[in-house]
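[1] Output the structure for:
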Amino acid sequence: MLNLKQRLKQATILIPSALLIWMAAYSPNAYAVIDISQVPLIVSNSAKPNVIFTYDDSGSMSLSYIPDGICDYYNLNAATSSEVNKNYYNPNVNYKPGINYVTTQPFAYSSFTSASTNGYSTSAGSTNLQTNYRADWDLNNISRYIKKPDGNGGLTDCSNGVRRISDPDGYGSGNRTAYYHVYDGTGSVTDNNNYTINRYPGGGVPWPGATSKTYFDLNLVGTGACTVAHDTNNACFSTDQRTNVAAWYTFYRARTLLAKSAASLSFAGISEGEIFLAYQRLNSCNSLGGSSSSSC
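    Next up is the predicted model:
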């Protein structure tokens, strides 16, 4: 048997040898780099996000203007200027059709001469934006809208090219073409003289031929022939502008259409199964109790 002195001597020989073997086995060339998680261990990656989508279905959603503070501007050029009415057509925005929830694909673009009045309703009618356009103020009240005057020579004051007319049928007897106003950035937004008007020239109400230098015609077809211009402020645009106007009219011209389009485009990028989604109509659903109602 080995005595204590012999055991200690043997250990001093074996320990360094074992250490060298261990170091060789765990050298940088012998194992892969450890991928340290950047997420705390207490956080689980398996739980899906819970999202509550609340849709405002109150009566104000039928309105065609934003913000609420301009509710009395319906008889002003400001009502049809995106600088003031944030819901009106803005030529600097590319309006995309909303998403069809059945096909999960974007709806088709509307035609300028046959634009759907509601891109989310299969029973909605259509409007020829070249000859029969009206600028809505409230979709649920046909006596509240903005439009150019009738085609029987009723326009006598160029500074009031857009005004409210309460025709019983909501249209009047004259043809109208799509248009928008541009605020010149000077003076009060409620002064009609501080706006220029852009419109499609292929039909609609004739404009006075001499007096105002603040009005000019917009050629949305892109032919370069602004033949109905009344002064030197002609503006010729491409056909894309006409398509853009139709997309705005069909999918964005009222608050309810704007909200539906924005929501559908936002959720379109999320794959099925990525989130848990609860739905609530703000005006008709007061709780989220798992009701089978279409409101919750």
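[2] and residue 53, backbone torsions?
    Torsion angles at residue 53 (phi, psi; degrees, to the nearest 10) stand at phi -100, psi 110.
[3] what's around it, how many residues?
    Using other Cβ atoms under 10 Å, residue 53 has 12 other residues around it. Bear in mind the C-beta positions are built from the backbone N, C-alpha and C, glycine included.
[4] What are the neighbouring residues in contact with the closest residue to it other than its chain neighbours?
    In space, and not counting its chain neighbours, residue 53 is closest to residue 279: 5.4 Å by Cβ to Cβ, 6 or more residues apart in numbering. By Cβ atoms under 8 Å, 6 or more residues apart in numbering, residue 279 lies in contact with 52-53, 55, 296.
[5] Of those, which qualify as buried by neighbour count?
    Neighbour-count burial (16 or more other Cβ atoms under 10 Å) is assigned, among these, to 55, 296.
[6] my read is the residue nearest to residue 53 is in a helix, agree?
    No. Residue 279 sits outside any helix when classified using DSSP: H, G, I helix; E, B strand; the rest coil, being strand.
[7] okay, it: pLDDT?
    Per-residue pLDDT puts residue 279 at 84.
[8] Repeat that for the one 4 residues further on.
    Looking at residue 283, its pLDDT stands at 82.
[9] now residue 292
    At residue 292, pLDDT is 53.
[10] likewise residue 209?
    29.
[11] And residue 162, by the same measure?
    33.
[12] is it true that residue 105 touches residue 99?
    Yes. When contacts are counted by Cβ atoms under 8 Å, residue 105 is listed as touching residue 99 (7.0 Å).
[13] When the two are compared, which one has more neighbours?
    residue 99 (20 against 11).
[14] Which parts of the chain are strands?
    50-55, 99-100, 105-106, 115-116, 126-127, 135-136, 145-146, 179-183, 195-199, 218-219, 235-236, 276-281 (DSSP state E).
[15] quick one: which of those is nearest residue 269?
    Closest of those to residue 269 is strand 99-100, at 9.9 Å (criterion: Cβ to Cβ).
[16] residues touching residue 248, list them.
    Counted by Cβ under 8 Å, 6+ apart, residue 248 has contacts 89-90, 93, 95.
[17] do the same with residue 259
    Here residue 259 is in contact with 55-56, 61 (Cβ under 8 Å, 6+ apart).
[18] From those residues, pick the one nearest residue 285.
    Taking Cβ to Cβ as the measure, residue 55 is the one of the contacts of residue 259 closest to residue 285, at 9.3 Å.
[19] how far away is the closest one from residue 280?
    Using Cβ to Cβ, to the nearest Å, one obtains 7 Å as the distance from residue 55 to residue 280.
[20] ok, now residue 100?
    Taken as Cβ to Cβ, the span from residue 100 to residue 280 is 22 Å.
[21] Which of the two has more residues huddled nearby?
    Counting neighbours by other Cβ under 10 Å for residue 100 and for residue 280 shows that residue 280 has the greater number, 18 against 15.
[22] wait, that one sits on residue 57?
    No. Taking contacts as Cβ under 8 Å, residue 280 lies outside contact range of residue 57: 9.7 Å.
[23] Need the contacts of residue 259 in CSV (columns: distance to residue 241 and pLDDT).
    Converted to CSV, these look like this (distance: Cβ to Cβ, whole Å; pLDDT from 0 to 100):
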residue, distance to residue 241, pLDDT
55, 31, 88
56, 31, 89
61, 27, 91
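[24] on that earlier part again, which one of the strands of the chain lies nearest to residue 243?
    strand 115-116 (10.0 Å).
[25] Packing partners of the closest one?
    Counting contacts by 3 or more Cβ pairs under 8 Å, 6 or more residues apart in numbering; DSSP states H and E, strand 115-116 packs against strand 126-127, helix 239-251.
[26] now these as TSV including distance to residue 181 and mean pLDDT?
    What follows is the helices and strands packed on strand 115-116, written out as TSV (distance: least, Cβ to Cβ, whole Å; pLDDT from 0 to 100):
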stretch	distance to residue 181	mean pLDDT
strand 126-127	20	92
helix 239-251	14	86
